[in-house]
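Q: Sequence plus the predicted model coming up.
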Amino acid sequence: MTAGGPLLAIDTATTHAVIALARPDGTLIDERRWVAGYRHGEELLARIEALLADTGVAPAALGGLVVGTGPGAFTGLRVGIATAKGLAHALGLPIAGVVTGQALIAASGGGAVVLLQPAGPSDRVLTRPGEHPVILAGGTDPDLREGERLVAVDLDGRADPAATTLGEAAHAGLAAALLATGAARLAAGDADDLATLVPEYVTLPRGVREAPADGGVEMSGGSR
């Protein structure tokens, strides 16, 4: 590890994987986004190697890692976080896990935002700033509070077109938002323990079709 070296960010929580390189203060240097599909395991490391090579940064020169923890697609999240943890262990780097949903909210301008993401073929995940995600069962519309605006990511055809347009803009700013939060945490010495850093995903318990009072959300995660 190089003290004060560049930060590498990785997020595989959405259909578009994101990797980015930033200065220690979180200022973006370069980023790459691509439709990952089910090829995270085949492409992620190669894409990271290409980004580092193109920017002239050796892996040993990195100063830390930032990784998005979800909620999102289960397989993609596991590959992304496993890759980030493997790099952190091999290179002796501090790592900060950042909730992807909250980063997307920040990238959309923050404030009274309701973020929607897919949860399987019919359900959706609803996230508000500073709140845990909840499951919105298929066919259920979000109950918006006064002044809230809807931002939908990866929900073409399953959410209002205006919300999906806002979601595309939010995703374009995801790398910068992840790095802003992650860089601040790493600068303050608030790194995650590799043993407890895990994906934050949501699942609808078997047989449940409507969210109970607690949202019906099963969470696994250790990031902030």
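A: Ah, there it is.

Q: CA atoms only: put the longest helix belonging to the chain into PDB for me.
A: Looking only at the chain and at elements set by DSSP state H, the helix with the highest residue count is helix 74-91. What follows is helix 74-91, C-alpha atoms only, in PDB (Å, rounded to 0.1, in the frame of the first residue of the first chain):
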ATOM      1  CA  PHE A  74     -27.200 -11.300  -5.500                       C
ATOM      2  CA  THR A  75     -24.500 -12.800  -7.800                       C
ATOM      3  CA  GLY A  76     -23.200  -9.500  -9.000                       C
ATOM      4  CA  LEU A  77     -22.800  -8.200  -5.400                       C
ATOM      5  CA  ARG A  78     -21.000 -11.300  -4.200                       C
ATOM      6  CA  VAL A  79     -18.500 -11.200  -7.100                       C
ATOM      7  CA  GLY A  80     -17.900  -7.500  -6.700                       C
ATOM      8  CA  ILE A  81     -17.400  -7.600  -2.900                       C
ATOM      9  CA  ALA A  82     -15.300 -10.800  -3.100                       C
ATOM     10  CA  THR A  83     -13.100  -9.200  -5.600                       C
ATOM     11  CA  ALA A  84     -12.700  -6.000  -3.600                       C
ATOM     12  CA  LYS A  85     -11.900  -8.000  -0.400                       C
ATOM     13  CA  GLY A  86      -9.400 -10.200  -2.300                       C
ATOM     14  CA  LEU A  87      -7.600  -7.100  -3.500                       C
ATOM     15  CA  ALA A  88      -7.600  -5.500  -0.100                       C
ATOM     16  CA  HIS A  89      -6.200  -8.600   1.500                       C
ATOM     17  CA  ALA A  90      -3.500  -9.200  -1.100                       C
ATOM     18  CA  LEU A  91      -2.400  -5.600  -1.200                       C
END
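
Q: Please list the residues outside the helix or strand just after that helix that contact it.
A: Sequence-wise, the next helix or strand beyond helix 74-91 is strand 95-98, with elements assigned using DSSP states H and E. Around strand 95-98, the neighbours that count as contacts under CB atoms under 8 Å, 6 or more residues apart in numbering are 64-69, 81, 84-85, 88, 178, 181-182, 185-186, 190-192, 194, 197, 221-224. To be clear about C-beta, it is placed using only N, CA and C from the backbone, and glycine gets the same treatment.

Q: per-domain residue ranges of this protein.
A: Under the assignment named as automatic domain parsing, the residue ranges that make up the domains of the chain are 7-100+172-187, 102-169.

Q: State the mean pLDDT of the longest one.
A: Yep, that's domain 7-100+172-187 we're talking about. When the per-residue pLDDT values of domain 7-100+172-187 are averaged, the result is 94.

Q: Check the offset of that domain from the chain's centre.
A: Distance of domain 7-100+172-187 from its chain centroid, counting by CA atoms, centre = their mean, to the nearest Å, is 9 Å.

Q: which residues in this structure form strands?
A: The residue ranges that make up the strands of the chain, judged by DSSP state E, are 7-11, 16-22, 28-35, 64-68, 95-98, 113-119, 123-127, 134-136, 149-152.

Q: List the buried residues for the third one?
A: In other words, strand 28-35. Counting neighbours by 16 or more other CB atoms under 10 Å, one finds that the buried residues in strand 28-35 are Leu28, Glu31, Arg33.

Q: for stretch 146-165, same thing?
A: Taking 16+ other CB under 10 Å as the criterion, stretch 146-165 shows Leu150, Val151, Ala152, Val153, Asp154, Leu155, Ala159, Ala163, Thr164 as buried.
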